[in-house]
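**Student:** Predicted coordinates and the sequence they were generated for:
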Amino acid sequence: MPPSYPPTFPATSAAHQQPPPPQLSSSRRRPRVDSHSDPDTSDSIRDNTRSTASNNLGKRPRAEYTFSPSAQLPTPHQQPFQSTMSAKVQGKRPEVIDLTQSSSPGRPFNSSSVGSGRPGGISGLQPHLGPRKLVIKNLRSTTSTQKDGADEYYSRTRNDLNNALGAIFAGRPTGQPMERLYRGVEDLCRNGEAEDLYNRLKATCDQWLTSDDGIGQLKKEVTAKSTHLNEVEVTAAVMQVYHRWNARMLDVRKLYSYLDRSYLLLQSTIGKEEKGRQGVNDLGISLFRKAVFGQRTATRALPLGSVVLRGMITLVMQDRGQEQDQTVGGVDKAQLLKESVTMLKVFGVYGKFFEPWFLETSHEYYEEFAEQQSESCGLRGYIKQVDALLKREEHRCDFYGFDSTTKRQLLQDAHRVLIEKYSEKLLDSGSVAKLLEAEDVPSMKALYQLLKLSGLQKKLKEPWDSYIRTTGSAIVSDITRDDDMVIRLLELRRSLYIMIRDAFDQDDVYGYGLRESFGAVINSTQNTSAWDTGTSKVGEMIAKYIDMLLRGGLKTLPKSLLSDSKDKANAERSGLAATGDEDSELDTQLGHALDLFKFLEGKDVFETFYKKDLGRRLLLGRSASQDAERSMISKLKGECGANFTHNLEQMFKDQELSKDEMASYKTWLVGTGKAIKGGVDLTVNVLSAAAWPTYKDVKLTLPKEVLEQTTSFDTYYQAKHTGRKLTWKHNLAHCVIKARFDRGSKELLLSAQQGSVLMLFNDIPDDSPLSYSQISQATSLTGNELDRTLQSLACGKSRVLTKAPKGRDVSTTDTFTVNRAFTDPKFKVKINQIQLKETKEENKETHERVARDRQFETQAAIVRIMKSRKTMGHARLVAEVINQTKARGAVDPGEIKANIEKLIEKDYIEREDGNYVYLA
């Protein structure tokens, strides 16, 4: 049956109180035989889904048979169904199916049961196969009265729907139940009025939208430029209409959902060339977009749409300016902008109209912002402002729901304008140096991240290297603060390391720049020439810094050099010692000093001073930790090889051998019956002259009690080791003397010179003075050595002697007496620190000795090279000598030339035709 056949409608008068006409309402309704009908019409078909005696049109049973999509009845706009089955299969299907025949409920239908006459159901209907033809026997024809009733029903339904649409758009109740109205839409669609229904719906929606209740009045005012509202207020007004429109269209979609699903859904998918009908939801979107922005294909927005877009841009600019007024017409501006962006995306005009305008306006804003901040702020302020702006822009894109493409283009443009265009300001060496000097990690991190956004982070290496070289050179060449040189270098390195770790994301480029720049600073001859030593001053100061660490431990370091929490956490993760271990921290600090040592090209100066200081520590017992001493030797051995540390290791062996020698000596004393007299307990360190540093001889007359013990040990040693000779180095000796003062007894830790001077006062009456000349004659000390000794006893911190006249300098006319009022909170008082201090004369002599050794090494290198090459030019020979001697120390080309002249004089080489020739 065609779908235009009217359904059964409720009775409206007595004339209509009759059985309904036979019908087939749809493919979802199951025809059945009415057992209560007249016998003559027992084969007629009645629709059991609706009763003529009831007004409840909404009650319909669940469809029992559903055709597949291929079996759907065609609509007025569709072609009749064309079977896709083969002729062979179609031939097995019955030509005619008798719907009056029945079978048992629940029994499957099959073609063999056709015409069997079994009661209880339709046997021959197989919906999934799609019968060729349906024949209804004894079908009762439709009367004119029934047709009039159907027309009246459809007319009334149309009026009800029109009234319901008017009520929905007016915001009133529909007056009819939504379910009845929905069924009315369904019946009209089944009656073939779907297209008319759609057209009336579209016209009604468009009429309301363009009316004064919609945006009609606002659109007229904007077009005529007569509105009193600004662009933001217009945007808010349009959004209010849009919200009302969405609420109305929600009810409309519910009411016309059958039209949407059964008619518009099919129409929207017919063919590829024509778009077909729009669904109700798409219709609402299309109508509002057309009213505000124009057709989808339009290249420019309508005046009202342009004002809305301008209002959105204004909202963004107000948000950037952080205005205090956050509402417009009682609506939150942030929410308004967010909803406006969503609306544009729904309409499909976001990328066409809003995005280009927004990016262009943002570019102008960035230009103005960068120019203003560049003129009013320094580098720190500019970095802070730009970093904050970029974070706000990124957050704004995410918060308001801008497209990812908009966000990417926006930030890329911001990077070009704010960073790349002002890269000279960001990479200014002077400004960067100020941030590094102030250790401004946050600003440097922000600067690095900004440059990284534009791929310019590598260019920061140039001002980074410049700062290191400038600052490092100033430290190395500062002759007024030589004692703090290494500490200042380590503090600089520490601050730069923290900068790399916390600001530069451990970027290896800056780590390499740090090592390269430090190497240039430490080995620069221009920097070391300020000290007028002829050798590396940095090597000497590194050796003295390590000596300070190994003598005093961590308490001698400033807190700025100690490891922080991040360093300790990294050490624990690396499997190193516990963070709270003092020995581990000391080892770490020694490692930092060794890092500076690695930069040294000439290590001979360091070796000389380190060996000299190690000897003092071992002989005077001033090492803070033997483990730290041996650990440092191991580090040096790993860095420079076994030859470098051979003598240093021999010094430790001599200490162990001396302990065994003293044990043997005391056994010898007991065996010979020579008891220790005078309370003197002698300890002698026998040193290998080749391994230990060279110490100058100081003539000293020892006290009688000590002299007897040294003579006894000399006799023992000569008897045990025939052919060996002992040379006593009294200037390295130290002693402990018990002294009684008026306020108690003390143990004084003294050098041999200091002990010899104090012992002189035991041989004179109490409170009797000794003159400078008397002390010099009795101890054989003269000159600076005697002056330093007396000054340490009478003018230092612990004054066990009183000098007359008072003063800090010692002269030959001074007299000295015992200070019986001496007091000190400690029982053991150290006064022999003077032995650990190096005099200027000793320092100069050490540098001169290193320079002499370097000359011999240079001459030896020249001879080795000429012996292997036989003939060489001057330039090649100088280059080869520099290459072979750089491990021990940098040699000036002028010095190499001078050594070549010396070798010519010694007949090792000669000149011949502009070249040097080796003489066998």
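**Tutor:** Cool, got the structure. Numbers count the residues shown, from 1 in each chain.
**Student:** Just the pLDDT for the nearest residue to T789 once chain neighbours are set aside.
**Tutor:** Of all residues not flanking T789 in the chain, Q753 sits nearest, at 4.5 Å (C-beta to C-beta, 6 or more residues apart in numbering). Where C-beta positions appear, they are placed from N, C-alpha and C, glycine not excepted. Looking at Q753, its pLDDT stands at 90.
**Student:** The one 5 residues further on now?
**Tutor:** What the model reports as pLDDT for L758 is 92.
**Student:** Make 423 the first number, not 1, from now on.
**Tutor:** All set: I'll call the first residue 423, so the last point we hit is now L1180.
**Student:** Any chance you could list what contacts the host helix or strand of the residue nearest to T1211?
**Tutor:** Here Q1175 is covered by helix 1174-1181, with elements defined by DSSP states H and E. Outside helix 1174-1181, the residues within contact range by C-beta atoms under 8 Å, 6 or more residues apart in numbering are 1120, 1122-1125, 1152-1153, 1155-1157, 1159, 1161, 1170, 1172, 1197, 1201, 1203, 1207-1208, 1211-1212, 1214-1215, 1222-1223, 1253-1254, 1256.
**Student:** Show me which residues of stretch 699-709 are buried.
**Tutor:** Neighbour counts over stretch 699-709 (16 or more other C-beta atoms under 10 Å) mark 699-702, 705-709 as buried.
**Student:** Pull the residues that contact that stretch.
**Tutor:** Here stretch 699-709 makes contact (C-beta under 8 Å, 6+ apart) with 620, 623-624, 627-628, 631, 667-668, 671, 674-675, 678-679, 681-682, 685-687, 689-690, 718, 768-769.
**Student:** hmm, try it at 6 Å
**Tutor:** Residues from elsewhere that reach stretch 699-709 (C-beta atoms under 6 Å, 6 or more residues apart in numbering): 627-628, 631, 671, 675, 678, 682, 686, 689-690.
**Student:** which two in those are spaced the farthest apart?
**Tutor:** Maximum pairwise distance in these, criterion C-beta to C-beta, is 22.2 Å, between L631 and Q689.
**Student:** show me where pLDDT drops low in this structure?
**Tutor:** 423-556, 558, 561-564, 689-698, 956, 997-1002, 1097-1100, 1256-1258, 1309-1312, 1342 (pLDDT under 70).
**Student:** Give the closest residue to the spatially most central residue of it in space, chain neighbours not counted.
**Tutor:** With distances taken as C-alpha atoms, centre = their mean, D927 lies nearest the centre of the chain, 6.0 Å away. Distances taken as C-beta to C-beta, 6+ apart place Y870 nearest to D927, at 7.5 Å, with adjacent residues excluded.
**Student:** So the one you found: helix, strand or coil?
**Tutor:** Put simply, Y870 is helix when judged by DSSP: H, G, I helix; E, B strand; the rest coil.
**Student:** Equivalent analysis for G716, please.
**Tutor:** Going by three-state DSSP: G716 is coil.
**Student:** Distance of it relative to T657?
**Tutor:** Using C-beta to C-beta, to the nearest Å, G716 is found at 17 Å from T657.
**Student:** out of these two, which sits in the more crowded spot?
**Tutor:** T657 (28 against 18; other C-beta atoms under 10 Å).
**Student:** and T1239, that's in a strand?
**Tutor:** Yes. Secondary structure of T1239 (three-state DSSP): part of a strand.
**Student:** Quick check: the gap between it and F1183.
**Tutor:** In this view, T1239 and F1183 are 8 Å apart by C-beta to C-beta.
**Student:** More neighbours: which of the two?
**Tutor:** A direct count of neighbours by other C-beta under 10 Å for T1239 and F1183 places F1183 higher, at 20 against 17.
**Student:** Report the beta-bridge partner residues of the nearest residue in space to the more buried one that is not next to it in sequence.
**Tutor:** Distance criterion C-beta to C-beta, 6+ apart; nearest residue to F1183, sequence neighbours excluded, is V1240 at 5.2 Å. For V1240, the beta-bridge partners are L1223 (DSSP bridges).
**Student:** The one 10 residues further on now?
**Tutor:** When bridges are assigned using DSSP bridges, the partners listed for K1250 are E1169.
**Student:** That one against K1168, yeah?
**Tutor:** No. Using C-beta atoms under 6 Å, K1250 makes no contact with K1168, being 7.5 Å away.
**Student:** Okay, and L918 sits in which element?
**Tutor:** helix 907-924.
**Student:** packing partners for that helix?
**Tutor:** helix 883-898, helix 930-945, helix 959-974 (3 or more C-beta pairs under 6 Å, 6 or more residues apart in numbering; DSSP states H and E).
**Student:** Give me the contacts around the first one.
**Tutor:** This points to helix 883-898. Helix 883-898 has contacts (C-beta under 6 Å, 6+ apart) with 849, 851, 854-855, 858, 910-911, 914, 931-932, 935, 939, 943, 949.
**Student:** Put together TSV for the buried residues of stretch 699-709, with distance to L1079 and secondary structure on each row.
**Tutor:** What follows is the buried residues of stretch 699-709, written out as TSV (distance: C-beta to C-beta, whole Å; DSSP: H, G, I helix; E, B strand; the rest coil):
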residue	distance to L1079	secondary structure
R699	109	coil
Q700	105	coil
G701	103	coil
V702	106	helix
L705	106	helix
G706	103	helix
I707	100	helix
S708	104	helix
L709	107	helix
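**Student:** just those residues now: which is nearest S577?
**Tutor:** Taking C-beta to C-beta as the measure, S577 lies nearest V702 of the buried residues of stretch 699-709, at 23.2 Å.
**Student:** Just the buried subset of the contacts of stretch 699-709, please.
**Tutor:** Listed as buried from the contacts of stretch 699-709 are 627-628, 631, 671, 675, 678, 682, 686, 689; burial here means 16+ other C-beta under 10 Å.
**Student:** sorry, back to before: and the helix holding L918, which residues are buried?
**Tutor:** Across helix 907-924, burial judged by 16+ other C-beta under 10 Å covers 907-919, 921-923.
**Student:** Of the residues you listed, just say which sits nearest to Y1138.
**Tutor:** V908 (44.2 Å).
**Student:** three-state assignment of K676?
**Tutor:** Per three-state DSSP, K676 ends up helix.
**Student:** And for the residue nearest to it when sequence neighbours are not counted, the neighbour number?
**Tutor:** The shortest distance from K676 to any non-neighbouring residue, by C-beta to C-beta, 6+ apart, is to M600 (6.7 Å). Neighbouring residues of M600 were enumerated by other C-beta under 10 Å; the total is 13.
**Student:** Let me see the backbone angles for M600.
**Tutor:** phi -60, psi -30 (degrees, to the nearest 10).
**Student:** do R612 as well
**Tutor:** Torsion angles at R612 (phi, psi; degrees, to the nearest 10) stand at phi -70, psi -20.
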